[in-house]
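# Structure of the sequence below:
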Amino acid sequence: MGKIFQVVVKGIKGENITIDLCNTEEQMKSMTVLQLKEKVAQRLPGNDGG
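Numbering: from 1, shown residues only. Here you go, the predicted model:
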């Protein structure tokens with residue numbers, strides 16, 4: 001079983017949201033801030049991701 005790179009975001013109401021980012025170190029190294037923002041936006045409650 002491989003690694004899963006994750007980030008934990010603390011929501012406005014104090015909830016923790018765990019977001020899976022990628023599966024390899026190479027993908028993690030090449031991830032941009034914009035890609036990270038898009039992944040976070042997709043997971044936030046009440047947000048359409050845009």
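
# Next up, the contacts around the closest residue to residue 21 other than its chain neighbours.
Here the nearest residue to residue 21 in space, its sequence neighbours aside, is residue 5; by Cβ to Cβ, 6 or more residues apart in numbering that works out to 4.7 Å. C-beta coordinates here come from the backbone N, C-alpha and C atoms, glycine included. By Cβ atoms under 8 Å, 6 or more residues apart in numbering, the residues touching residue 5 are 20-23, 25, 27-28.

# Counting neighbours, which of those residues comes out on top?
By neighbour count, taken as other Cβ atoms under 10 Å, the most surrounded of the contacts of residue 5 turns out to be residue 22 (17 neighbours).

# Which residues are in contact with that one?
With contacts taken as Cβ under 8 Å, 6+ apart, residue 22 has the following neighbours: 4-5, 28, 31.
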